[in-house]
Structures are given as structure tokens and as C-alpha cells.
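1. this is a predicted model, with the sequence first.
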Amino acid sequence: MAVFTPEQQLQILSDLVAIQSANDHELQVANYLAKLLGDHGITATVLPAEPDADHKKAEPDRANLVAEIGSGAPVLALSGHMDTVSVGDADAWTSDPFTVTERDGLLQGRGTTDMKAGLAAMVIAMIELKAQGLPRKGTLRLLASRAEEVGEYGAKELARAGYMRDADALVVGEPSGWNIIYTHKGSVDFRLRSQGTAAHSSMPEAGFNAIPPLMEVLVRAQQEFNARPASDPVLGELTFSPTVFHGGDQVNTIPDSAVAEVNVRTIPQFDNDEAIALLKGLVGEQNRRGARISLDPYMQEPVVQAPRDSLLVRLATKLGERISGATIPVVGVAGVTDASSLLRGKGPDFPFMMFGPGNETMHTVNENIDKQMYLDFVQLYQRLFVEYLGQAG
């Protein structure tokens with residue numbers, strides 16, 4: 001007999017959405033999950049966040065969580081993040097973003113798709129399996145992370161703590177819907193700072209304008225990245241996107257500083273190191289001409305490559321098609337997941353997939369998820385986890 005009714009499974013998702021964890025407050029989510037798991041005989045460890053890497057400040061309301069059932073090898077790691085993005089303009093939502101509201105079979109609320117439904121489905125699946133005395137072989141290890149949306153700091157902390165060291169495969173419960181993702185692009189976020197000397201705009205020669213050399217770096221970089229022939233048959237093109245620019249504060253003053261941020265989505269044919277080297281070269285050219293530009297690649301997430309036909313993917317495809325009644329495409333995506341941090345050093349033969357309930361409404365007003373898909377993934381995960389551990393190794 002199941003531990004949870006469908007109504008109770010929906011309530012767990014509602015409880016998680018009600019916890020406002022936009023880029024913070026994951027400790028509240030972790031405590032909720034730890035109690036839920038503990039109430040059903042599963043010990044969970046709440047791990048306080050490490051000090052903020054940029055400002056060296058404590059973050060007392062941020063945390064990761066780890067929980068296991070089973071024992072021994074093989075170890076199947078389950079990844080889900082506890083943070084969400086902000087709601088944006090709350091008045092633009094048709095209902096309270098933190099109260100799950102059902103409309104036409106869709107459950108609306110911030111984090112429903114990205115990715116509290118996937119996290120809830122994994123937790124519920126573990127509780128249901130524990131109640132059945134499963135798995136009889138191997139270990140399921142839940143890695144619930146903080147700060148995935150900005151920096152993947154939680155996944156990095158979990159990796160450094162060794163929680164992936166003995167793992168044999170990884171499932172990320174991000175919203176793929178009825179698609180299986182086995183590879184995704186890498187990503188580098190850069191911050192460029194240009195220093196100049198202020199002066200009155202009537203006497204520009206008395207100062208040094210921080211904006212033109214920075215603009216030249218950005219224009220040259222766009223040209224260089226666009227000219228690269230690098231392309232991947234699954235992941236597509238290498239992309240370079242300037243996304244933030246600030247410079248000056250008054251029209252009649254030569255600006256003494258300017259800041260830009262850019263994002264590069266990398267592929268195996270042109271990786272993060274090559275992207276960093278290209279921008280370093282362009283910045284160096286400007287600095288040799290008298291500019292003072294610094295370059296900080298402050299977030300680096302490598303490309304994730306994994307086998308397309310691993311046992312994990314084959315089992316998920318079979319179960320997904322049986323439950324959904326549709327063909328399950330096995331594809332790559334441009335988006336980045338915690339797998340970039342968790343799989344460092346694992347190599348391209350390590351079994352990985354992103355497979356979780358959701359759709360393309362993540363980060364949008366009126367984010368939502370199909371109710372039946374969420375409930376279906378609770379069932380799918382139970383079968384998948386046991387079948388994989390039974391057949392792996």
C-alpha cells in the first residue's frame with residue numbers, strides 16, 4: 001500500500017512552493033524535507049552553506065541536504081535544487097505565486113516546474129521505496145542543493161565534500177518533461193571592469209574614458225565568437241551574449257569606470273578554457289594600448305557529456321514511453337544544470353541524464369506544471385531507481 005495518496009503528494013509540492021526560496025532560504029526547504037524524510041525512517045543531513053565566495057560572509061539561511069536509502073554499490077545519485085528565481089512582477093501573476101493554484105490540469109506557482117516538483121517526486125519516491133524495503137541492492141543518494149540558479153554553489157560544495165566520489169550514475173530532476181537530456185552545453189559568466197579617469201566632457205583629453213576600450217573588447221569578442229566555425233551536431237552553436245553594461249553617471253562627465261557582463265555557452269569543440277583565453281587576449285590588447293580592464297570569469301560550468309545509450313537512459317526511455325504513451329526523445333540542451341559541478345572529473349562515459357517533470361514555463365510569470373505529469377514521475381522514479389540499481393554493476 002502506498003504511503004502517500006495523490007492528494008498528499010500534491011500537498012507536499014504545495015508546501016515546498018509556499019516556502020519562498022528565491023535565491024535564498026534553502027535552509028527552510030531543507031528542514032522541511034529533513035522532517036518529512038525523518039518521519040518515514042530516512043535520516044537526512046542538513047549541511048550549512050559555506051561562506052559566500054565573493055564576500056566571505058556567512059549565509060545562515062542557506063543549506064544543502066543529503067539523504068540515503070539502501071546500502072553498498074552501485075550508488076545512484078539524485079540531484080535537485082531547492083532555490084528558485086524571484087517572482088518578478090507579482091502583480092502580473094493571475095494568482096499568488098506561492099500558493100499552488102490548479103487551472104485546467106496545470107499547477108501554477110513559483111518553482112512548480114523549476115524544480116520543486118522534480119525534487120518532491122524524488123523525495124516521495126525514496127519514502128515509498130523505503131516503506132517497501134527497497135532497494136535490495138545498492139544505494140539511492142539524494143543531493144538537494146542550494147544556489148543552483150546563481151553560481152551552482154551548493155553542487156560545488158556537495159562535490160567537494162565527496163558525495164559524488166563513489167557514485168555510479170546521476171539523475172538530475174530538472175524539468176525535461178517527456179524528454180531525456182544526456183548532454184548539455186557549458187557556460188562561462190564574465191565580468192569586465194574598465195577603469196578610467198574622470199574629467200569634464202568639454203576637456204576629454206584631461207581624463208580617460210573607461211567606456212570606449214570596453215566597448216571595443218565587446219565588439220571584437222562578438223565578431224571573434226561569431227566567426228568561429230565551432231558547432232556540435234547535438235548541442236548546436238557556440239554563443240556569446242553581452243547581457244549587462246553600466247558606464248558613467250552624468251552626460252557631461254567623462255566616465256572613470258564601466259562594467260560589462262557577458263555569458264558564453266560553450267560546446268565540446270570550443271570549451272570554457274578556450275573562451276577564457278580568447279577574452280583574455282582581447283583584454284590584453286586594449287591594456288597594452290593604455291586601457292585598464294580586468295577580466296573575471298566568475299562562474300564556470302563545463303560541458304556535460306554522457307553516453308546516449310547507457311543503461312540508465314535505456315531504462316528511463318522504456319518506462320517513460322510506457323507511462324506517457326509517447327516516444328521519448330533523447331537529446332541535448334543549451335541550459336546548464338548542477339551536473340556541470342557534480343560530474344567534474346567523471347569523464348564522458350559516466351551515466352548521466354536530466355529527466356524530470358516540467359515544461360518551458362520556468363522563470364516566467366504564471367510558471368506551472370502538468371499535475372498528471374508530476375504524479376506520473378513519482379511512480380516512474382520508483383520503478384526507475386529500483387530497476388537501475390538491480391541491473392547496474
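-> Good, I have the coordinates. Numbering: from 1, shown residues only.
2. hmm, D273 and V264 touching each other?
-> No. Counting by Cβ atoms under 8 Å, V264 does not reach D273; the two are 11.4 Å apart. From N, CA and C alone the C-beta is placed, and that goes for glycine too.
3. the two: which is more packed in?
-> V264 (25 against 13; other Cβ atoms under 10 Å).
4. who does the helix or strand hosting the more buried one touch, helix- and strand-wise?
-> Taking DSSP states H and E as the definition, V264 sits inside strand 257-266. The helices and strands touching strand 257-266, judged by 3 or more Cβ pairs under 8 Å, 6 or more residues apart in numbering; DSSP states H and E, are strand 186-195, helix 211-227, strand 239-247, helix 272-288.
5. P351: which of these is closest?
-> Closest approach to P351 among the helices and strands packed on strand 257-266 is made by strand 186-195 (19.2 Å; Cβ to Cβ).
6. just checking, what packs against the next helix or strand after the closest one?
-> Counting by DSSP H and E, the next helix or strand C-terminal to strand 186-195 is strand 199-200. Using 3+ Cβ pairs under 8 Å, 6+ apart as the contact test, the elements touching strand 199-200 are strand 253-254.
7. adjacent strands (with direction) for the strand it packs on?
-> Within its sheet, strand 253-254 is paired with strand 199-200 (antiparallel), according to DSSP bridges.
8. P348 reaches S310, doesn't it?
-> No. With contacts counted by Cβ under 8 Å, P348 stays clear of S310, the gap being 11.1 Å.
9. what about the longest helix in the chain?
-> helix 371-391 (DSSP state H).
10. average pLDDT across that helix?
-> For helix 371-391, mean pLDDT rounds to 98.
11. same deal with stretch 79-90?
-> pLDDT averaged over stretch 79-90 gives 96.
12. what residues sit buried inside it?
-> By 16 or more other Cβ atoms under 10 Å, the buried positions in stretch 79-90 come out as 79-85, 87.
13. assign a three-state SS to the residue nearest the centre of the chain, would you?
-> By Cα atoms, centre = their mean, the chain has its centre lying nearest to T337, at 3.4 Å. Of the three states, T337 takes coil according to DSSP: H, G, I helix; E, B strand; the rest coil.
14. contacts only, for it.
-> 79, 148, 172, 174, 184, 304, 354 (Cβ atoms under 8 Å, 6 or more residues apart in numbering).
15. ok, the residues you listed vs A22, which is closest?
-> E148 (12.1 Å).
16. my read: that closest one touches D83, true?
-> Yes. Between E148 and D83 a contact is recorded at 5.9 Å, counting by Cβ under 8 Å.
17. before we move on, back to that, for the residue nearest to the centre of the chain, grab phi and psi.
-> Recorded main-chain torsions at T337 are phi -130, psi 180, according to degrees, to the nearest 10.
18. from A44, how far off is it?
-> Computed as Cβ to Cβ, to the nearest Å, the T337 to A44 distance reads 22 Å.
19. where's Q11, which helix or strand?
-> helix 6-18.
20. that helix vs helix 371-391, what angle?
-> Put simply, helix 6-18 runs at 100 degrees to helix 371-391, going by axes from the mean of the first three to the mean of the last three Cα atoms, to 10 degrees.
21. in helix 6-18, what counts as buried?
-> 9-10, 12-18.
22. mind showing which ranges of the stretch 1-150 of the chain have poor pLDDT?
-> For the stretch 1-150 of the chain, residues meeting the criterion pLDDT under 70 lie at 52-57.
23. the helix holding Q11: how far from the chain's middle?
-> Centroid separation for helix 6-18 versus its chain: 22 Å, with Cα atoms, centre = their mean, to the nearest Å.
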